[in-house]
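*Asks:* The sequence isn't on hand, but the structure is:
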């Protein structure tokens, strides 16, 4: 039968159990405003009953606190992490889309494209009225230089945004690496504690908070599994295996972790890119980390989309053949994605990917008649390598479906090349005030030697070569007015040679130039006046899309957070009720001990037992 003093044991178990419950409630209340803290609760079960030799059979032995656990729902954690990655993606894209907008809109403080273009053609009209007036010619040159300066400034602004994205990528990668180190360390600490049979709740909160931070940067996939004793498959050791994956690749595996590193590009991908943009690799094995895939999300992808996005218009084609060159082979590319010199964005000295392997090239040519490219590699390939590559895909960089900085640079270069080509062709068809054939009005500066590209090798059929002097060389970074024209405004052509020889004051050339403003199709089927409107429309659509999706995911995030908090957050009212409930239970257990004590006193002192 049970001991005479068995009642004290039962009441004592209640005191211990409800003391633990009160302590847990106190811990919850004290952490009501602690970021990342998850509400805890003490779980109680009836203690194992004792078998006694009485008619009632089994005697209850009180209550036992089995563990102090967290009230957390992993389902809402996963929902939060998935949504957080999408929210981070569109927050980054929205911020930088708004930055681009500042360089496109015409405001009151800085003259925008529309004002500059109007002033340029107004000055040209003055030249038409008084073609021999040097002051009028000088004014036209000055206003034209303002247009070149506008594109120069736009290039500087776009490059600054690209460099800001690049620097933020470094910061985010460093943050990711710091987070994964902490997660791996916490995994070890958690397992050390939980192998002893207790829950490391506070450490688990710290780990979950780190995953929350990580999910804003990259899309995460978290999986935690129990570790089974290999000698006894039915027995759990108490330890767990905690894995975190990003983009399908393992970032943390229990105590082990992988880190990312950023490496500056040796060569540009796009002609107008900033120098030294970073690519990401896995530390140790140097395997590229692809963050720009269509299924990827996270703030890091938003930064890459802004920095490298080309609206899915990257260069690609199929390898047709190889032939020997100097010093390396010359590879012919057929079925190219870019067939217009105005749209060419590839760097003149860069890296081309042939069947997923990178090769350096020193230049390329394009044959408009056959629509094929020839890239001059710096490496000679073996016969076997040539045969293995034949018919395979060739590409430069990636085609990223986002309107990033390379896209806007490409659009600006596209317009500028066509505009300069049309105006220069008109100029070269006439003569200056001295009856001498005029040269190019818009030229490209050569930063290497300080000279100018005047596009003397321009092929009207559309063929080009990076080794020649043609419009591929012209970008927003180097456009300028010819130094000869600036020094001598009389070199501007306003009349054709025949009229000059016959003494006919015909301003046909000037009239043709004036048509470039609004009558000649230069960009996307529109005139020069439509150029900026097209870019603003692109940017507005992109910004509006990012803003809408950002707001949608923000609202969804609030909903998920509320659901999450309703389960795991500390509710002051609920904790207050628990405190009173456990206090009453504790008081009753104490009263029971007092009652039993009086009974034992009567039994011992008054019955002589």
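*Replies:* Received the coordinates, thanks. What you see is a predicted model; the values in this text were computed from it and never measured. Numbers count the residues shown, from 1 in each chain.

*Asks:* which residues of the protein score low on pLDDT?
*Replies:* 1-4, 53-57, 106-111, 501, 505, 608-609 (pLDDT under 70).

*Asks:* For it, which segments count as helices?
*Replies:* Under the criterion DSSP state H, the chain carries helices at the ranges 6-30, 74-102, 113-129, 134-194, 201-217, 299-308, 383-389, 405-428, 483-487, 497-502, 508-515, 531-568, 572-607.

*Asks:* Turn these into a markdown table, including mean neighbour count.
*Replies:* The way it works is simple: take the backbone N, C-alpha and C, and place the C-beta from them, glycine included. Shown next, in a markdown table, are the helices of the chain (neighbours: other Cβ atoms under 10 Å):
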| stretch | mean neighbour count |
| --- | --- |
| helix 6-30 | 18 |
| helix 74-102 | 20 |
| helix 113-129 | 18 |
| helix 134-194 | 18 |
| helix 201-217 | 21 |
| helix 299-308 | 27 |
| helix 383-389 | 13 |
| helix 405-428 | 23 |
| helix 483-487 | 15 |
| helix 497-502 | 14 |
| helix 508-515 | 18 |
| helix 531-568 | 16 |
| helix 572-607 | 13 |
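
*Asks:* out of these, which comes closest to residue 51?
*Replies:* In this view, the helices of the chain are compared for proximity to residue 51 by Cβ to Cβ, and helix 6-30 is the closest at 13.0 Å.

*Asks:* what angle do that closest one and helix 201-217 make?
*Replies:* Inter-element angle recorded for helix 6-30 and helix 201-217: 30 degrees (by axes from the mean of the first three to the mean of the last three Cα atoms, to 10 degrees).

*Asks:* How far away from the center of its chain is helix 6-30?
*Replies:* 51 Å (Cα atoms, centre = their mean, to the nearest Å).

*Asks:* What is it packed up against?
*Replies:* Packed against helix 6-30 by the contact rule (3 or more Cβ pairs under 8 Å, 6 or more residues apart in numbering; DSSP states H and E) you find strand 40-46, strand 63-70, helix 572-607.

*Asks:* picking up where we left off before, and the helices of the chain: which comes nearest residue 315?
*Replies:* So among these, helix 405-428 is nearest, using Cβ to Cβ, at 11.0 Å.

*Asks:* now that closest one, how far from the chain's geometric center?
*Replies:* 29 Å.

*Asks:* go on, stretch 345-354?
*Replies:* Here stretch 345-354 is found 23 Å from its chain centre; the criterion is Cα atoms, centre = their mean.

*Asks:* How about residues contacting it?
*Replies:* The set of residues external to stretch 345-354 that reach it, using Cβ atoms under 8 Å, 6 or more residues apart in numbering, is 266-273, 310, 313-315, 319, 331, 338, 358-364, 375, 377, 389, 392-396, 406, 409-410, 413, 466, 472.

*Asks:* which of the residues you listed are buried?
*Replies:* Listed as buried from the contacts of stretch 345-354 are 268-273, 310, 313-315, 319, 331, 338, 359-362, 364, 375, 377, 389, 394-396, 406, 409-410, 413, 466, 472; burial here means 16 or more other Cβ atoms under 10 Å.

*Asks:* Just those residues: which are in strands?
*Replies:* Secondary structure defined by DSSP state E assigns 315, 319, 331, 359-362, 364, 375, 377, 394-396 of the buried ones among the contacts of stretch 345-354 to strands.

*Asks:* What is the nearest of those to residue 239?
*Replies:* residue 395 (46.2 Å).

*Asks:* tell me the contacts of that closest one?
*Replies:* Neighbours of residue 395 in contact, by Cβ under 8 Å, 6+ apart: 314, 315, 316, 317, 352, 353.

*Asks:* Next one: it from residue 313, what distance?
*Replies:* From residue 395 across to residue 313, the span is 12 Å (Cβ to Cβ, to the nearest Å).
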